[in-house]
Structures are given as C-alpha cells and as structure tokens.
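*Asks:* Just need the structure, nothing else, for what follows:
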Amino acid sequence: MAFEDLLKSPGVFAVMGEAGEPAAEKGFILCRAIAGEAEILTIGVDPAARRRGWGGALVEMAAGIASETGSEAMFLEVAADNAGAIALYAATGFARVGLRKGYYPHQDGARDAIVMRRALNS
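*Replies:* Model prediction:
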C-alpha cells in the first residue's frame, strides 16, 4: 500500500514540521490510532540528523496526538538488531512486551521484531 493510500485510512496520521521548519527536513512519523490503541507504523529521520533529538520529538508529538484522540497505549515493532531504535523507544517510555519471530524479511534470513508498548495519558 502506498503512503498516500495509507494516509486515507481511518485513524492514520503523520507528523512532521511545516515546510521551511527544521523538523520538516529532518524526519517524519506515520501512525494509526483506532479502538483505544495507537501504533507507530514507521518513522524516518535523515541520517545526518540522527542522535540529535528529532526521533524522540517525533515520537512525543505522535504520542500526544494519539492520546488526544483517545488512545490509552501506543505500540510498535522494531527489529531486534536495531539497537539505536530500541534505545530511542526506551528513552521515550516504551517497554518490551513481546517478540515476533521472523517478522522482518531480510536477504540472509528473517529478523525478529521486538514488540514495545507505552502507556498514554488520555
């Protein structure tokens, strides 16, 4: 499914800065909020801007929107070998709640995904 089509789906929202603002050039986050839960579908930060707080800011903005729309928790899946992303999510209040074996296809075999959850203040 293309991003444009995904954005038309119920409960899906994206966060990034306005054109001309630094955040617009640094990254984005795409989420879905439905039935009292939210999920981070994907996040992208310009490699040159990583480790400068942009990813955390995007997660916090998305969590705020999800909470405002009635979500009580936010979930995500992250590749078990992606230490940088796992550290980012832990620093923004996510905790590991599960494991999906072989979740991500990879050229040399499937990669496991860690499922993480963060409570939201609705």
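
*Asks:* Run me through the strand neighbours of the host helix or strand of Val115, direction for each.
*Replies:* Using DSSP states H and E, the element containing Val115 is strand 111-119. Sheet pairing for strand 111-119, assigned by DSSP bridges, gives strand 73-79 (antiparallel), strand 95-104 (antiparallel).

*Asks:* Quick check: which of these is buried the most?
*Replies:* strand 73-79 (a mean of 19; mean count of other C-beta atoms under 10 Å). For every residue, glycine as well, the C-beta is placed using N, CA and C.

*Asks:* Would you mind writing the CA trace of stretch 54-72 as CSV?
*Replies:* C-alpha atoms of stretch 54-72 as CSV (Å, rounded to 0.1, in the frame of the first residue of the first chain):
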residue,chain,number,x,y,z
TRP,A,54,14.5,14.6,16.2
GLY,A,55,13.3,11.0,16.5
GLY,A,56,12.3,11.5,20.2
ALA,A,57,10.5,14.7,19.3
LEU,A,58,8.5,13.0,16.6
VAL,A,59,7.6,10.1,18.9
GLU,A,60,6.4,12.6,21.6
MET,A,61,4.3,14.6,19.1
ALA,A,62,2.7,11.4,17.8
ALA,A,63,2.0,10.1,21.3
GLY,A,64,0.4,13.5,22.1
ILE,A,65,-1.9,13.2,19.1
ALA,A,66,-2.8,9.6,19.9
SER,A,67,-3.6,10.5,23.5
GLU,A,68,-5.8,13.4,22.4
THR,A,69,-7.7,11.1,20.1
GLY,A,70,-8.5,8.7,22.9
SER,A,71,-5.7,6.1,22.7
GLU,A,72,-4.6,4.7,26.0
